[in-house]
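>>> Turn this into a structure:
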Amino acid sequence: MHLVGNKLILSLRSSVHLLHPREIKKKMGSWAYFDPEYETLSIRMNPPQVSVDNSSCKECTLVKVDSMNKPGILLEVVQILTDLDLIITKAYISSDGGWFMDVFHVTDQQGQKITDTRTIEHIERALGPKGNTSGILKTWPGKKVGVNSMGDYTAIELIGRDRPGLLSEISAVLANLQINVVAAEVWTHNRRIACVLYVNDDITNRAVEDESRLSAMQDQLKNILRIGGGSDEDDSVGRTSFSVGSTHVDRRLHQLLFADRDYEGAYVAGNDDEAGCPIKPKVTIERCEEKDYFVVNVRCRDRPKLMFDIVCTLTDMQYVVFHASVSSEGPYASQEYYVRHIDGFTLDAEAEKEKVVKCLEAAIRRRISEGLSLELCAKDRVGLLSEVTRVLRENGLSVTRAGVTTVGEQAMNVFYVSDASGKSVDAKTIEELRKEIGHTMMLNVKKAPTNAAKALDANGWGKNSFFFGGLLEKFLT
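Numbering: from 1, shown residues only. Take a look at the predicted model:
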């Protein structure tokens, strides 16, 4: 166990050794001086041009970005837009050469144009010259692992074999240690679970630094992950890790599950929905001989953050997107990417093609929302997450995905749930939930859409993404 800053590193298999910069310098010899201003020279000489256009299209807002090309720029831009809960309906990308030019057609969660001046100003600031040179991309909007953007906390990452009630057991351990969960993101896929938890001491509201408490947390979390068999040396049982520096939470969850090889093994897809839209994504890879690219085609059911998940996976697999076209056709999404490996090579080996296809399919499925979503809002306290997940477990419900956040003194949780067999939850179970927790917190139950990612409920909320603003507003009125 190690404590680095405010991060707890738990390892079930091997220790982690971090070198001090002076040690690295000794190992690599003396370095020549490098002026840090040189890194942003090209950006300052050719500042990005960003425009938010509400006049060219009747149905959506156009966000246009022209800038110097650099590694990972497409992922950064898509991340900014998706973190604002914007829906990307179309996109056209071109970055072949030294310049990056792209156009995004976006709407808000209700399918309307972006008219809020604060949102527009943030897009222009984050994607413009100040965002590229002042570090704004590293601080918005509090969705980082390793950034003190949500107060003084300890960031913990867990990954292991999923089973009914596991999230309830994890949260119970933290509650018994008087450790409060400030925020969390939990994904499950292919019988694996990955979570990023932000916790602090209930009394001091600061990061947990006491060695005895950290040791107790380590031992108990290790025991929970080992339940069901296996040993410390068995990676399939479970392990914990963390990312050094600044990593977006959603990207980190993708990285954890990718490293855990959740894309391997058989995945049982559901039936087609009533609109004929297949649950299973269709990914194909073809060769473009003329330009020496490989073309990755994705067709699947549309949903928010789909483009982020695909671009994130390609980027982390060391593929560079040179051109792309993204569009939505009713319930379907069609996305086409012209890519090469970062070393300049194309996808020639069939085994590598097959791996890319499997990884993209897994990335798409990790965030698919089916069944019921439960949105809860209550006064934050130690043990709240443990209480809610215990009630879900006692009613035979499994959590497939969860998001927890805290705004002021209010905790807002979203759980996607199904019954133990993976089927939809019946009305009787929902009524039991209302009786048990409805008197202490606000509970909103919604059915995830099956025939269109843009479907809205009676209140106009997006049905298959975390959207806490409306929930908090209702709670406070």
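>>> for the stretch 351-477 of the chain, what spans make up the helices?
Taking DSSP state H, counting those that start in this stretch as the test, the helices found in the stretch 351-477 of the chain are 384-394, 427-437, 468-476.
>>> just these: most buried one?
Scoring the helices of the stretch 351-477 of the chain by mean neighbour count under mean count of other C-beta atoms under 10 Å gives helix 384-394 as the most buried, with a mean of 21. Just so you know, the C-beta spots here come from the backbone N, C-alpha and C atoms, and that holds for glycine as well.
>>> which residues touch that one?
Residues from elsewhere that reach helix 384-394 (C-beta atoms under 8 Å, 6 or more residues apart in numbering): 164-165, 167-168, 171-172, 174-175, 181, 184, 374, 376, 378, 399, 404, 411, 413, 415, 417, 433, 436-437.
>>> Dump that helix to CSV, keeping only the CA atoms.
Written as CSV, here are the backbone C-alpha positions of helix 384-394 (Å, rounded to 0.1, in the frame of the first residue of the first chain):
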residue,chain,number,x,y,z
LEU,A,384,-25.9,6.8,2.1
LEU,A,385,-24.4,4.8,-0.8
SER,A,386,-24.2,1.7,1.4
GLU,A,387,-27.9,2.1,2.4
VAL,A,388,-29.1,2.6,-1.1
THR,A,389,-27.1,-0.3,-2.6
ARG,A,390,-28.2,-2.6,0.3
VAL,A,391,-31.9,-1.9,-0.4
LEU,A,392,-31.3,-2.6,-4.1
ARG,A,393,-29.5,-5.9,-3.2
GLU,A,394,-32.2,-7.0,-0.8
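>>> coming back round to it: make a markdown table out of the helices of the stretch 351-477 of the chain and add distance to residue 211 and mean pLDDT.
Formatted as a markdown table, the helices of the stretch 351-477 of the chain follow (distance: least, C-beta to C-beta, whole Å; pLDDT from 0 to 100):
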| stretch | distance to residue 211 | mean pLDDT |
| --- | --- | --- |
| helix 384-394 | 24 | 91 |
| helix 427-437 | 36 | 85 |
| helix 468-476 | 35 | 37 |
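>>> Redo those as JSON lines? Include distance to residue 56.
JSON lines is the format used below for the helices of the stretch 351-477 of the chain (distance: least, C-beta to C-beta, whole Å):
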{"stretch": "helix 384-394", "distance to residue 56": "45"}
{"stretch": "helix 427-437", "distance to residue 56": "45"}
{"stretch": "helix 468-476", "distance to residue 56": "28"}
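>>> now for these, which one comes closest to residue 300?
helix 468-476 (26.2 Å; C-beta to C-beta).
>>> Where does the prediction get shaky in the stretch 51-200 of the chain?
Within the stretch 51-200 of the chain, the segments meeting pLDDT under 70 span 130-151.
>>> Same question for the stretch 201-350 of the chain.
Residues of the stretch 201-350 of the chain meeting the criterion pLDDT under 70: 228-246, 267-279, 346-347.
>>> how about the helices in it?
According to DSSP H, counting those that start in this stretch, the helices that the stretch 201-350 of the chain contains are 211-226, 249-259, 306-316, 350-365.
>>> Can you tell me the closest non-neighbouring residue to residue 296?
Leaving aside its chain neighbours, residue 296 sits nearest to residue 337 (4.4 Å; criterion: C-beta to C-beta, 6 or more residues apart in numbering).
>>> Show residues contacting the helix or strand that residue 101 is a member of.
If you go by DSSP states H and E, residue 101 is part of strand 99-107. Strand 99-107 is contacted by residues 57, 59-70, 73-74, 77, 81, 86-95, 113-114 when judged by C-beta under 8 Å, 6+ apart.
>>> And it, what's buried?
Judged by neighbour count (16 or more other C-beta atoms under 10 Å), strand 99-107 contains these buried residues: 100, 101, 102, 103, 104, 105, 106, 107.
>>> between the helix or strand that it is followed by and strand 99-107, how many degrees?
Downstream of strand 99-107, the next assigned helix or strand under DSSP H and E is helix 117-127. With axes from the mean of the first three to the mean of the last three C-alpha atoms, to 10 degrees defining the directions, helix 117-127 sits at 160 degrees from strand 99-107.
>>> for helix 117-127, packing partners?
Applying 3 or more C-beta pairs under 8 Å, 6 or more residues apart in numbering; DSSP states H and E, one finds that helix 117-127 makes contact with strand 49-53, strand 61-68, helix 73-83.
>>> Any buried residues in it, and which?
Residues of helix 117-127 classed as buried by neighbour count (16+ other C-beta under 10 Å): 119, 122, 123, 124, 126, 127.
>>> so the last one makes contact with residue 80?
Yes: counting by C-beta atoms under 8 Å, a contact exists between residue 127 and residue 80, whose distance comes to 6.1 Å.
>>> partner residues bridging residue 158?
residue 195 (DSSP bridges).
>>> Next up, the contacts around the residue nearest the centre of the chain.
With distances taken as C-alpha atoms, centre = their mean, the chain has residue 250 as the residue nearest its mean C-alpha position (1.8 Å). Applying C-beta under 8 Å, 6+ apart to residue 250 gives the contacts 143, 185, 305, 308, 309, 312.
>>> Please report the distance of the fourth one from residue 251.
In this view, residue 308 and residue 251 are 8 Å apart by C-beta to C-beta, to the nearest Å.
>>> any common contacting residues for these two?
Residues within reach of residue 308 and of residue 251 at once, by C-beta under 8 Å, 6+ apart, are 75, 79.
>>> still on that earlier bit, for the buried residues of helix 117-127, which two are the farthest from each other?
Longest distance between any two of the buried residues of helix 117-127 is 12.3 Å, between 119 and 127; criterion C-beta to C-beta.
>>> hmm, back to that, tell me which of the helices of the stretch 201-350 of the chain is the most buried.
Of all those, helix 306-316 has the most neighbours on average by mean count of other C-beta under 10 Å, namely a mean of 23.
>>> number of nearby residues for residue 153?
Residue 153 has 23 neighbours, counted by other C-beta atoms under 10 Å.
>>> same check, this time on the one 4 residues further on
The local packing of residue 157 (other C-beta under 10 Å) involves 23 other residues.
>>> Show me what residue 288 is bridged to.
Using DSSP bridges, the beta-bridge partners of residue 288 come out as residue 293.
>>> nearest to residue 367, of the helices and strands packed on helix 117-127?
Residue 367 sits nearest to helix 73-83 of all the helices and strands packed on helix 117-127, at 10.9 Å, using C-beta to C-beta.
>>> Can you point out the buried residues in the helix or strand following the closest one?
Per DSSP H and E, the first helix or strand lying C-terminal to helix 73-83 is strand 87-94. By neighbour count on 16+ other C-beta under 10 Å, the buried set for strand 87-94 is 87, 88, 89, 91, 93, 94.
>>> partners of strand 87-94, with directions?
Looking at strand 87-94 with DSSP bridges, its partner strands are strand 99-107 (antiparallel), strand 319-329 (antiparallel).
>>> Now do residue 374, the pLDDT please.
Looking at residue 374, its pLDDT reads 90.
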